[in-house]
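> Below is the sequence, then the predicted model.
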Amino acid sequence: MRALLACLILAVVCFIQSPADAQPPKYLIEFGHDLNDDSPQNQAITWLKSTLERQSHNEIEVEIYSAQKLGTGPEMVEKLRNNTIQMVAVHTSNLQSLQPGMQVLDLPYLFPDRMKLLAKLNGPLGEALYSPLKAKGIIGLAFWDGGVKVITCGKTIQRPTDLKGVKIGIMPSQVIREQYLAVGANPVPIDQQGLYTALQRGELDGVETSPMNIASMRIHEVQHFVTPTNHAWLGYAVMVGKEFYDSLPPEYQELLTKTVSEATRQQWSEAAAQEGRGREKVTTLFQIYTPLTAAQTAEFRDAFAPAYDWFVKNVEDGRKYLDLAKD
């Protein structure tokens, strides 16, 4: 009887003390992105979550929402501005309405070397692209790697003329649209999560995406031909809402910035590894894998060149962004 009474007393004490012991976090970060859980982006965010929570002694809590659980890319960007969510990782094309200059990253054949691109994004180019967003409630923290684009289709694509009349799914970027209009294709902006169904139903003939996305999104199930044009970079913007960031004490602002920087190195490394594995898979997943010769690549480069003219003529400070990207 005494033992039972002691157990009851202990249980009551634990019940009374537990709410006080389990302090809620002071700062909650809802982090949204549009990719699957096995993506390099989600892996980096998972590491960031663990590190921030541990080093803040759980005063910061991070909740991860993958695969557009918080909305499409543009919707998440708007929620970020309104402080409805606190952080996002979305494709850079989702920022074209807020910062048209971001489309410089979508230009074809602009970045032949991944490491040189990373250096530029960590330097004046990245600073120039993110700077205008501060006045719109967003602080850019990093750029993450989504791979180099290839083209999948329901037929073989070997020359730019093969794209004539092709309904091709693209990210919502006017520069990308101009690139395909230049070769007579029919570019269709489409949300990433609706891509598989659109290809399956024949609403699209093809899509441009990276090899690492092909397997994770099962595009090979609804497409039979792939051409490694390697024509452009697929980049993601990692951003925090300015209102939330300003609410953090200086030591946590520094912690967040440092942790994102470390996560970025890991993300680029894992993305390169997944890109390599993805390219190996692509050669076996599709019925026909058509590498391009140097001459064919040059033909695509020339055919897509009008996108540069459009960018310089129609985007404010377009020449400045292009020069920063080329230097």
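Structure's in. What do you need? Every value quoted in this text rests on a predicted model; they were computed, and no experiment measured them.
> what helix or strand does residue 234 sit in?
Per DSSP states H and E, residue 234 falls inside strand 233-241.
> What residues of stretch 136-143 count as buried?
Going by neighbour count (16 or more other C-beta atoms under 10 Å), the buried part of stretch 136-143 is 137-143. The way it works is simple: take the backbone N, C-alpha and C, and place the C-beta from them, glycine included.
> Could you check how far that stretch is from the centre of its chain?
Here stretch 136-143 is found 13 Å from its chain centre; the criterion is C-alpha atoms, centre = their mean, to the nearest Å.
> I'd like the mean pLDDT over it, please.
The pLDDT scores in stretch 136-143 average 98.
> re the thing from before, so can I have a markdown table of the buried residues of stretch 136-143 showing secondary structure and distance to residue 42?
Formatted as a markdown table, the buried residues of stretch 136-143 follow (DSSP: H, G, I helix; E, B strand; the rest coil; distance: C-beta to C-beta, whole Å):
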| residue | secondary structure | distance to residue 42 |
| --- | --- | --- |
| 137 | coil | 25 |
| 138 | strand | 21 |
| 139 | strand | 21 |
| 140 | strand | 20 |
| 141 | strand | 17 |
| 142 | strand | 15 |
| 143 | strand | 16 |
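> Rebuild those residues as a markdown table, extending it with distance to residue 163.
Putting the buried residues of stretch 136-143 into a markdown table (distance: C-beta to C-beta, whole Å) gives the following:
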| residue | distance to residue 163 |
| --- | --- |
| 137 | 38 |
| 138 | 35 |
| 139 | 38 |
| 140 | 33 |
| 141 | 36 |
| 142 | 33 |
| 143 | 28 |
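> Find the centremost residue of this protein, please.
Among the residues of the chain, the one closest to the centroid is residue 236, at 2.9 Å (C-alpha atoms, centre = their mean).
> Could you pull up the residues touching it?
Residue 236 is in contact with 33, 41, 89-92, 143-146, counting by C-beta atoms under 8 Å, 6 or more residues apart in numbering.
> got the CA positions of stretch 163-175 in PDB?
Extracted in PDB, the C-alpha atoms of stretch 163-175 (Å, rounded to 0.1, in the frame of the first residue of the first chain):
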ATOM      1  CA  LEU A 163      11.600  21.700 -80.500                       C
ATOM      2  CA  LYS A 164       9.300  23.500 -82.900                       C
ATOM      3  CA  GLY A 165       5.700  23.100 -81.800                       C
ATOM      4  CA  VAL A 166       6.700  21.100 -78.700                       C
ATOM      5  CA  LYS A 167       4.700  21.900 -75.600                       C
ATOM      6  CA  ILE A 168       7.400  22.100 -73.000                       C
ATOM      7  CA  GLY A 169       7.000  22.600 -69.200                       C
ATOM      8  CA  ILE A 170       9.100  25.300 -67.700                       C
ATOM      9  CA  MET A 171       9.600  27.200 -64.500                       C
ATOM     10  CA  PRO A 172       7.700  30.600 -64.400                       C
ATOM     11  CA  SER A 173      10.500  32.700 -65.900                       C
ATOM     12  CA  GLN A 174      10.000  35.000 -68.800                       C
ATOM     13  CA  VAL A 175      13.700  34.500 -69.800                       C
END
